[in-house]
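J.: Model the following, please.
(3 chains)
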Amino acid sequence: MSGAATSVGPFSAAEIASYVGGEVEGDGTAELVDVRSLAEAGPEHLSFLSNRRYYRQLKTTRAGAVLIDRRTDAHGHTAIRCDDPYQAFARSLELFHPTPWPEPGVDPRAAVAEDAVVEGATVEAFAFVGPGARIGPGSWIESSAYVGAGAEMGKSCRLMPHSVVVAGCRLGDRVWLNPGAVVGSEGFGFAPSPAGHVKIPQTGRAVIEDDVEIGANSCVDRATMGETTVRRGAKLDNLVQVGHGAEIGEGNFLAAFAGVAGSARLGKGVVLAAKSGVANHLEIGDGVVAATGARVLKAQPDGARVAGYPAIDHKQWLRAATRFADLPEMARRIRKLEARLAELEKEETEEKEGD
Amino acid sequence: MSGAATSVGPFSAAEIASYVGGEVEGDGTAELVDVRSLAEAGPEHLSFLSNRRYYRQLKTTRAGAVLIDRRTDAHGHTAIRCDDPYQAFARSLELFHPTPWPEPGVDPRAAVAEDAVVEGATVEAFAFVGPGARIGPGSWIESSAYVGAGAEMGKSCRLMPHSVVVAGCRLGDRVWLNPGAVVGSEGFGFAPSPAGHVKIPQTGRAVIEDDVEIGANSCVDRATMGETTVRRGAKLDNLVQVGHGAEIGEGNFLAAFAGVAGSARLGKGVVLAAKSGVANHLEIGDGVVAATGARVLKAQPDGARVAGYPAIDHKQWLRAATRFADLPEMARRIRKLEARLAELEKEETEEKEGD
Amino acid sequence: MSGAATSVGPFSAAEIASYVGGEVEGDGTAELVDVRSLAEAGPEHLSFLSNRRYYRQLKTTRAGAVLIDRRTDAHGHTAIRCDDPYQAFARSLELFHPTPWPEPGVDPRAAVAEDAVVEGATVEAFAFVGPGARIGPGSWIESSAYVGAGAEMGKSCRLMPHSVVVAGCRLGDRVWLNPGAVVGSEGFGFAPSPAGHVKIPQTGRAVIEDDVEIGANSCVDRATMGETTVRRGAKLDNLVQVGHGAEIGEGNFLAAFAGVAGSARLGKGVVLAAKSGVANHLEIGDGVVAATGARVLKAQPDGARVAGYPAIDHKQWLRAATRFADLPEMARRIRKLEARLAELEKEETEEKEGD
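T.: Residues are numbered from 1 along each chain as shown, chains lettered A, B, ... in the order given. The predicted structure is shown next:
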């Protein structure tokens, strides 16, 4: 059972304000059944303004109440004033749509090894829990999820259908794996030889710390030796690749198709936009932001913002990219300059010869 | 049981012509056992000419009969004349290789919730059908496919092994999910906070309309609120990503590694070539074509053809890309121009001073 | 049960030397428990020097013994001299971490068709083996792996959890599929028509030759007609896409997110770096190397090294890419040249008029 589209509301504006830590301005008894964007909300909906871009919609929204910061004019709407409306929006969705977490218990159609430890956890049909594996209390192994021999996870993890934790790997607390996510696949390591590539056994493991979410069909390879690490609070989108021995830093954000090659080390708060990539063995500083499609081929200091291929300073790249379409015109202008200059030089020579 | 490599033929040229809506020119009794390209066909094979590029091969092919348009010289081959030989080719393959659809029935090793509705459908071993799910007649849930609680699908859908439809999502009729495809994974939404990223519950669903095919290991995220939509007849290749709240238009074509970010809206007949991407919240008009690797960062009007990063008009990009390799030479020529000009200016000054 | 992180050692330096085909220089009785990098090794570890870049670490390493070539100064460490230290490293890891291959046998919770042949193989819980499938001796079908009707594989293959071999496809000997890898997904083929895209039935199969490894969540499509082929010894990383009818050459290396479009044919020893792609129907010669992100849009002769989009000669691309950031400055210099030249021309004209 995964998150369904129904709401447990209604809640009054006052109840919501209390839950998100805000104060009502207007009708605290207004009953709301769910959350919608300003454009889509009706009188029965809570809405929110977290981005100035949508300020105009605030004037015309039909929402029954609005999460808003402490200074902005609410245009007569019932307002729930709070410090961070976007966070309050996230918390409100949580209020209306609590994740329907199941009771602990092992489905008789699951395959759980005799010496595996699964007390207080839920294991659904066709899930596999190998010998010596340990599943923490409150964790939820959905149907057809796989936990290999000796793998361990903490409490309140969620392995969605068809996610895989290969033998020997370790998850912290509250780790979510989306469908098809793989933790602990073989690293891509082969030694060239005249007789063909010799496989380098991938003897390490992958370690995923607390509060990490990994998207659908993303992959985190096990290390050749030692550990591949995804640090606390990092969020990986769908179809992300983390190579063997890499370290994904605390609170990192890796968008879809981002790739981190083997043994690269990312600092805290790094953001890799969609389709960007980091080459192997690089050190990437804290807070580095790589724009969509950036190919980072060099180490980056803290706070660097890069784009392009090879990745350079983002602003510098932007100026150059803006000029890219002008290349044919620039070439024409150079040719023209050359012709005009040759003409002048000729005249100059003739003048001199005429002197 | 998936499509096998055997054929149910032979069929005569006349039978094939009747099936594809064409007319035989030559020997209608010729028996054909399967379809092959012009280069690979023997006398027992049907072949086809749909691309002028292969016209030369028509002269030398050993094919027993050829699907061909109504005007082209058949060079003495038995011809099946038709309006659209490529479509006739598709239909002939269908004739020789009908998909081996199974009889309805639920394998006793499947896990089907008591209140799920699966009449007239096939559910194979280790497939999971959650509480309240509805599977339409003639649909085929292959081994280890997953249908979450309250998910629904119409008739004649095919969920190949290990495909996943998360709780609450909905498929129309004749939807095919390739192995590992995921419909309804969590959208990538988090609110930044001093204490780390706060997960924004993804309370919406994903809706896949009639006649959509989704490739292996592709992902369609559920919406934060409301719906992510893939409209009728859209075709998604392998390893494609559709973000939360996006709308993929009717008859769209998304090739491998194409990515559509959250809340982007694509019109009808949009083509995203391999590895191209569309940024979030953009409106993309009908018939837009993005070339391979294009990164679309701005809204696009109907019929736009774009390439590059950031994506610009395709022809303009092509002219610029052709010049890219000339950059070092252009730089040299600029330096040379500067030197020559400085020389001229010096002479000019000397002349003046000499005056 | 997959590769765990424990070691079966200790082994003496002499035993290791004998296993990897080298000779001990120093203390052959030194006992080693596992392999580590020079930086991480302690006195109980074997280490290795295969890359001159790490030569400095050799001097300071605490390793108990070092795999090293026949000429380099071992700086007093117990050395195991060998021809190729990197290969010896691979073989040592194999010695300390033999893959824990299971005993043959079919788990009663697997679904194996009556007429499937699985003698001498291992089939785990929830694995599916379809009618007429053949699994060679010593092969290992892990939990929830899928082998379709009529699919065949040789000896000592390993299908990791949730890997899929669609009906009719064939694997050689010693083929490894990582979790979520798919062999035989539908090719992406549709014929346009006024009523929408008509599916072109994908009637062929995919054939994977001996000693191939395919990464997690990678996809190899079945052919429209005939075969998609991955030749002997090719290695595919995670999230790689191989289109229908393509041929991946012997010993090819395809890194993460590499894509090969339909009917492209790659020669022997081709390397596609991460995120590179080859367009459809192209012939790529032996030993071609495409750099990360390269988009190969033209046929390539043997030994070509290409980069960029569209891909050009790697060195040429590198020179141009280095200049890319200079574009705005080049544009400025052109403008300045034009102004200075116009000035000169004006003076020249005035001079002439003054003559």
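J.: So what's the residue count around the residue of the stretch 251-355 of chain A found nearest chain B?
T.: With CB to the nearest CB as the measure, the residue in the stretch 251-355 of chain A that lies nearest chain B is residue A:327; the distance is 4.0 Å. Placement of C-beta: from N, CA and C, glycine included. Summarising burial for residue A:327: neighbours were counted as other CB atoms under 10 Å in any protein chain shown, giving 22.
J.: OK, contacts around it?
T.: Residue A:327 makes contact with B:319, B:320, B:323, B:324, B:326, B:327, C:327, according to CB atoms under 8 Å, 6 or more residues apart in numbering or on different chains.
J.: now, which of those lie within strands?
T.: Cross-referencing the contacts of residue A:327 with the strands (criterion: DSSP state E) gives no overlap at all.
J.: Who does residue A:12 form a beta bridge with?
T.: With DSSP bridges applied, the residues forming beta bridges to residue A:12 are residue A:31.
J.: Run a quick check on it versus residue A:27, I expect a contact.
T.: No - judged on CB atoms under 8 Å, residue A:12 makes no contact with residue A:27 at a distance of 9.0 Å.
J.: between these two, which one's more packed in?
T.: Under the neighbour definition other CB under 10 Å, residue A:12 and residue A:27 were set side by side, and residue A:12 has more, 17 against 14.
J.: And that one, how close does it get to chain B?
T.: Shown here: residue A:12 relative to chain B, a distance of 20 Å by CB to the nearest CB, to the nearest Å.
J.: Same question for residue A:73.
T.: Per CB to the nearest CB, residue A:73 is found 23 Å from chain B.
J.: Over to residue A:126?
T.: Taken as CB to the nearest CB, the spacing of residue A:126 relative to chain B amounts to 5 Å.
J.: Now do the same contact list for that residue.
T.: Neighbour list for residue A:126: A:109, A:110, A:111, A:143, A:144, B:111, B:126, B:128, B:144, C:126, C:144 [criterion: CB under 8 Å, 6+ apart].
J.: Turn the residues you listed into TSV, columns for secondary structure.
T.: Written out in TSV, the entries for the contacts of residue A:126 read as follows (DSSP: H, G, I helix; E, B strand; the rest coil):
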residue	secondary structure
A:109	coil
A:110	coil
A:111	strand
A:143	coil
A:144	coil
B:111	strand
B:126	coil
B:128	strand
B:144	coil
C:126	coil
C:144	coil
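J.: Output those as TSV; include the columns pLDDT and distance to residue A:285.
T.: What follows is those, written out as TSV (pLDDT from 0 to 100; distance: CB to CB, whole Å):
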residue	pLDDT	distance to residue A:285
A:109	98	49
A:110	98	44
A:111	98	45
A:143	98	41
A:144	97	40
B:111	98	48
B:126	98	46
B:128	98	44
B:144	97	43
C:126	98	45
C:144	97	40
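J.: Would you mind putting the residues you listed into a markdown table with distance to residue A:237 alongside?
T.: Written out in a markdown table, the entries for these read as follows (distance: CB to CB, whole Å):
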| residue | distance to residue A:237 |
| --- | --- |
| A:109 | 32 |
| A:110 | 29 |
| A:111 | 31 |
| A:143 | 23 |
| A:144 | 22 |
| B:111 | 30 |
| B:126 | 28 |
| B:128 | 25 |
| B:144 | 24 |
| C:126 | 28 |
| C:144 | 24 |
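J.: Weed out the non-buried ones from the contacts of residue A:327.
T.: Taking 16 or more other CB atoms under 10 Å in any protein chain shown as the criterion, what is buried in the contacts of residue A:327 is B:320, B:323, B:324, B:326, B:327, C:327.
J.: Narrow the residues you listed to those in helices?
T.: Using DSSP state H, the subset of the buried ones among the contacts of residue A:327 located in helices is B:320, B:323, B:324, B:327, C:327.
J.: Would you mind naming what in the stretch 51-200 of chain A lies close to chain C?
T.: On the criterion CB under 8 Å from any CB of the partner chain, chain C has as its neighbours in the stretch 51-200 of chain A the residues A:111, A:126, A:128, A:130-131, A:144, A:146, A:148-150, A:162, A:164, A:166-168, A:180, A:182, A:184-186, A:188-193, A:196-200.
J.: just checking, which of those belong to strands?
T.: In strands, defined here by DSSP E, the members of those are A:111, A:128, A:146, A:164, A:182, A:184, A:185, A:190, A:191, A:198, A:199.
J.: and the first one, how many neighbours?
T.: Applying other CB under 10 Å, we find 22 other residues in the vicinity of residue A:111.
J.: Hmm, it is touching residue A:127, no?
T.: Yes - using CB under 8 Å, residue A:111 is in contact with residue A:127, at 7.4 Å.
J.: sorry, back to before: spatially, which two of the ones in strands among the residues of the stretch 51-200 of chain A next to chain C are the most separated?
T.: Using CB to CB, the pair of those lying farthest apart is A:111 and A:191, separated by 35.9 Å.
J.: in the stretch 251-355 of chain A, what spans have low per-residue confidence?
T.: A:355 (pLDDT under 70).
J.: where do the helices sit along it?
T.: Assigned helices in the stretch 251-355 of chain A, in chain order: A:314-324, A:327-354 (criterion: DSSP state H, counting those that start in this stretch).
J.: Out of those helices, which is closest to residue B:68?
T.: Smallest distance to residue B:68 across those (CB to CB): 41.7 Å, for helix A:327-354.
J.: contacting residues for residue A:303?
T.: Contacts for residue A:303 (CB under 8 Å, 6+ apart) come out as A:285, A:286, A:287, A:288.
J.: Please produce a markdown table containing the residues you listed, extended by neighbour count and distance to chain B.
T.: Written out in a markdown table, the entries for those read as follows (neighbours: other CB atoms under 10 Å in any protein chain shown; distance: CB to the nearest CB, whole Å):
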| residue | neighbour count | distance to chain B |
| --- | --- | --- |
| A:285 | 18 | 19 |
| A:286 | 17 | 15 |
| A:287 | 18 | 12 |
| A:288 | 26 | 16 |
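J.: now residue A:216, what's its secondary structure?
T.: coil.
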